[in-house]
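S.K.: dropping a prediction and its sequence here:
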Amino acid sequence: MSDVINLASDNVAGAAPEILAAIASAAGGRQPSYGGDEVTARLQDRLSEVFERRVAAFPVPTGTAANALALATFTPPWGAVLCHREAHVAVDECGAPEFYTHGAKLLLADGAHGKLTPATLAAAVPEWRGDVHRSQPAMLSLSQATESGTVYSPAEIGALAEAARGHGLAVHMDGSRFANALAAQACSPAELTWKAGVDVLSFGGTKNGCVMAEAVVFFDPDKAADFAFRRKRAGHLLSKMRFVSAQLEAYLADGLWLRLAGNANARARQLAEGLQALPGVTLEHPVEANEVFVRLPAALAEGLKRQGVFAAHWEGEIWRFVGAFDTDAATIETVLERARRCLAPGAVAAVG
């Protein structure tokens, strides 16, 4: 079918031209391998500038590797990680956190719209600390943006981090869509992470215009003393690391990452506003970043598919649409026009 529009995920999008240019530039000449190159060294400095303190950053090719290895750094095999029951680390990583921690347990907590609160965190923390027969809570993992497309404010993160500290937990942030969460708020990267109490961040770029580029960012470099060995043992130390680092360097240059995320967020808002105007369509979660979760009447959902508009089926009548870095306003208007056509008398069966 021609004229297909796929909004099922931001992963379906390609790569930003600036990122591809950076990869091509890194291909020239000779550079030391395994992260000893000039680009990776510059990336360390650039991330330290972005976060307003000296950090230790480790590029990896996937978000699953970033999350699982970050959690494993702070969580012993007899430990436990608290997270929202819909968190990516709990439902979308095929047991990687448990594997890389050599068996640590995930403790799942509740929370409306994908978000934890100090109260839901307290309810999920077990009372058996020190009991040799039970896994010992070691870490809190927060998704930013959440799996429901909502975002935590610095104040919310600070309250959760304070509660976590009270239970002896370190704090991890899964930031696969960190740029989208940041672009949605009037705050700095530092205010959204370490200043609010985050110990380690999985910094994502792949969903926002990179080809395959993530990084594990430690806000206390001393906590990363063994991470280089952990990454190597896990098979995520790339021999030609400069190609990952070059993507992230270009991503952070001249505010590109926030411009791309800002566009994705704007397209999500545009789509949400248009869909809500249609009969029978309701939002399932607030649209705060670049994801739109809506309840669609069955006839509309099927009609959109017949017309070449694809979203991700979540559950029941809930569908997810995702704005990407390169989604334009005209594309969203086309989706809305096709949706209106589906609901009109004598709706056409397909486009193209």
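M.R.: Nice, thanks for sending it over.

S.K.: okay, CA-based contacts and neighbour counts for the rest of this
M.R.: Noted.

S.K.: domain assignment for the chain?
M.R.: The chain breaks down by automatic domain parsing into domains covering 5-12+256-343, 17-255.

S.K.: could I get those as JSON lines with mean pLDDT and mean neighbour count?
M.R.: Shown next, in JSON lines, are the domains of the chain (pLDDT from 0 to 100; neighbours: other Cα atoms under 10 Å):
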{"stretch": "domain 5-12+256-343", "mean pLDDT": "97", "mean neighbour count": "19"}
{"stretch": "domain 17-255", "mean pLDDT": "96", "mean neighbour count": "20"}
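
S.K.: from the contact counts, what lies against the helix or strand that contains Arg42?
M.R.: For Arg42, the host element (DSSP states H and E) is helix 38-50. With contacts defined as 3 or more Cα pairs under 8 Å, 6 or more residues apart in numbering; DSSP states H and E, the packing partners of helix 38-50 are strand 56-60, helix 242-252.

S.K.: one more time with 6 Å, if that's ok
M.R.: Under the contact definition 3 or more Cα pairs under 6 Å, 6 or more residues apart in numbering; DSSP states H and E, helix 38-50 sits against helix 242-252.

S.K.: next, the angle from the helix or strand following the helix it packs on to helix 242-252.
M.R.: As assigned by DSSP H and E, the chain's next helix or strand after helix 242-252 is helix 256-276. Angle, helix 256-276 to helix 242-252, by axes from the mean of the first three to the mean of the last three Cα atoms, to 10 degrees: 70 degrees.

S.K.: which helices and strands does helix 256-276 pack with?
M.R.: In terms of contacts (3+ Cα pairs under 6 Å, 6+ apart), helix 256-276 is packed against helix 178-183.

S.K.: not counting its own residues, what contacts the helix it packs on?
M.R.: With contact meaning Cα atoms under 6 Å, 6 or more residues apart in numbering, helix 178-183 is reached by 144-145, 151, 258, 261-262, 289.

S.K.: and if you look at stretch 132-142?
M.R.: 75, 78-83, 129, 169-174.

S.K.: closest one of the residues you listed to Gly316?
M.R.: Cys83 (24.2 Å; Cα to Cα).

S.K.: please name the spatially closest residue to Leu47 (chain neighbours excluded).
M.R.: Val55 (7.1 Å; Cα to Cα, 6 or more residues apart in numbering).

S.K.: which residues touch the one you found?
M.R.: Val55 touches 48, 218-219, 221, counting by Cα under 6 Å, 6+ apart.

S.K.: also Asn208?
M.R.: By Cα under 6 Å, 6+ apart, the residues touching Asn208 are Phe325.

S.K.: switch the cut-off to 10 Å
M.R.: Contacts for Asn208 (Cα atoms under 10 Å, 6 or more residues apart in numbering) come out as 10-11, 13-16, 176-180, 251, 256-261, 264, 323-326.

S.K.: now it: how far from Ser245?
M.R.: Going from Asn208 to Ser245 by Cα to Cα, to the nearest Å gives 15 Å.

S.K.: again with Arg53
M.R.: For Arg53 relative to Ser245 (Cα to Cα), the value is 19 Å.

S.K.: could you do Asp328 as well?
M.R.: Note on Asp328: its distance to Ser245, by Cα to Cα, is 28 Å.

S.K.: Ile5 too?
M.R.: For Ile5, the distance to Ser245 - Cα to Cα - is 31 Å.

S.K.: how about Arg269?
M.R.: Per Cα to Cα, Arg269 is found 31 Å from Ser245.

S.K.: same question, Glu284
M.R.: Distance of Glu284 to Ser245, given as Cα to Cα: 37 Å.

S.K.: equivalent analysis for Asp45, please.
M.R.: Asp45 is 12 Å from Ser245, by Cα to Cα.

S.K.: same check, this time on Glu214
M.R.: From Glu214 over to Ser245 the distance is 9 Å, taken as Cα to Cα.

S.K.: which residues are in contact with each of those two?
M.R.: With Cα under 10 Å, 6+ apart, Glu214 and Ser245 have common neighbours 58-61.

S.K.: ok, so of those, who is nearest Ala163?
M.R.: Distances from Ala163 to the shared contacts of Glu214 and Ser245, taken by Cα to Cα, are shortest for Phe58, at 27.9 Å.
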